[in-house]
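# have a look; sequence and predicted model below, questions after that.
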Amino acid sequence: MMSNQSVVSETIQVVTFTITGKTSQSGNYAVPIEQVKEIRTVDAITKIPRSKSYVKGIMNLRGKIIPIVDVNDKIGVKHQETDSTKQRILVADVNDTLTGLLVDEVNEVMRLSHTEIEPAPQGAFESDGYIQGIANIKDKLIVLLDVSKFLADLDDTLKEAALSAESTPADDEGVLPEIDAIINEASHN
């Protein structure tokens with residue numbers, strides 16, 4: 001029983017996914033599985049006026065309104081045309097706030113040993129604040145993201161989007177009440 005616990009603490013379970021840049025080479029990324037609530041196909045996403053480019057909009061998840069962040073855009077990878085049927089939304093739970101991460105393709109759930117994860121080279125990534133490390137598995141590099149740091153600046157972005165939306169006439173879909181709900185939820189956390 002004891003030995004089993006030590007094995008568990010030395011490994012981390014992650015969900016791996018692909019984002020595809022303009023080059024044919026796709027990047028492999030992963031997030032810790034405990035930060036992922038569920039994986040969904042892409043449903044209707046309602047755009048928020050004048051939000052940051054990486055905020056694709058908001059989505060209704062069983063009555064809860066959640067923001068959708070395009071991982072490619074946030075990381076700074078320029079899109080090529082991707083197979084949208086393979087796109088998925090990873091619903092991340094960070095500090096009791098749900099956010100959808102739009103990725104090009106979810107690959108697998110895998111267990112990484114802490115010995116397989118190396119720290120990211122200093123200064124190699126503009127975004128190294130939210131890169132937990134890099135794993136080299138079967139000659140494939142997997143960049144491990146820390147979702148809470150990745151989404152740290154999102155609260156302000158959503159507040160900005162809501163403020164600009166309030167000064168914009170509501171469209172037929174009634175976006176404004178939904179945005180208010182997100183702001184109220186974000187400010188209570």
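Nice, thanks for sending it over. Everything numeric in this text was worked out from a predicted model, so none of it was measured.
# where does pLDDT dip in the protein?
Scanning the chain for pLDDT under 70 picks out 1-9, 21-26, 78-83, 123-128, 153-189.
# so where do the helices sit in it?
2-9, 71-75, 147-150, 154-166, 175-188 (DSSP state H).
# quick check, Val106 in contact with Val91.
No - with contact defined as Cβ atoms under 8 Å, Val106 does not count as touching Val91 (11.8 Å). All C-beta spots, glycine's among them, are computed from the backbone N, C-alpha and C.
# any common contacting residues for those two?
Ile39 (Cβ atoms under 8 Å, 6 or more residues apart in numbering).
# which of these two has more neighbours?
Using other Cβ atoms under 10 Å as the criterion, Val106 and Val91 rank with Val91 on top: 20 against 17.
# what's across from that one in the sheet?
Glu38, Gly100 (DSSP bridges).
# contact partners for it?
Neighbours of Val91 in contact, by Cβ under 8 Å, 6+ apart: 36-40, 61, 66, 98-101.
# one more: Pro32?
Pro32 touches 12-14, 144, 146-147, counting by Cβ under 8 Å, 6+ apart.
# can we see that at 10 Å?
Residues in contact with Pro32 (Cβ atoms under 10 Å, 6 or more residues apart in numbering) are 12-15, 92, 112, 132, 144-148.
# tell me how many other residues surround Lys52.
Neighbours around Lys52, by other Cβ under 10 Å: 18.
# surely it and Asp73 touch.
Yes - here Lys52 reaches Asp73: they are 8.5 Å apart, a contact under Cβ atoms under 10 Å.
# what's the spacing between Ala152 and Gln132?
14 Å (Cβ to Cβ, to the nearest Å).
# those two: which is more packed in?
Gln132 (21 against 14).
# tell me the contacts of the more buried one?
12, 14, 30-32, 117, 119-120, 143-147, 149-150.
# can I have the buried ones of those as a PyMOL selection?
Buried residues among those (16 or more other Cβ atoms under 10 Å), as a PyMOL selection:
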select buried, resi 12+14+30+31+32+117+120+143+144+145+146+147+150
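# closest one to Lys56 out of the contacts of Gln132, please.
Proximity to Lys56 was ranked across those by Cβ to Cβ; first place goes to Phe150, at 15.0 Å.
# and the residue nearest to the closest one when sequence neighbours are not counted, how many neighbours does it have?
Leaving aside its sequence neighbours, Phe150 sits nearest to Tyr130 (Cβ to Cβ, 6 or more residues apart in numbering; 4.1 Å). Tyr130 sits with 20 neighbouring residues when counted by other Cβ under 10 Å.
# try the one 10 residues further on
Neighbouring residues of Lys140 were enumerated by other Cβ under 10 Å; the total is 9.
# isn't it right up against Glu108?
No - with contact defined as Cβ under 10 Å, Lys140 does not reach Glu108; the gap is 11.6 Å.
# shared neighbours, these two?
Thr16.
# Gly129 versus Ile142, what's the distance?
From Ile142 to Gly129 the distance is 18 Å (Cβ to Cβ).
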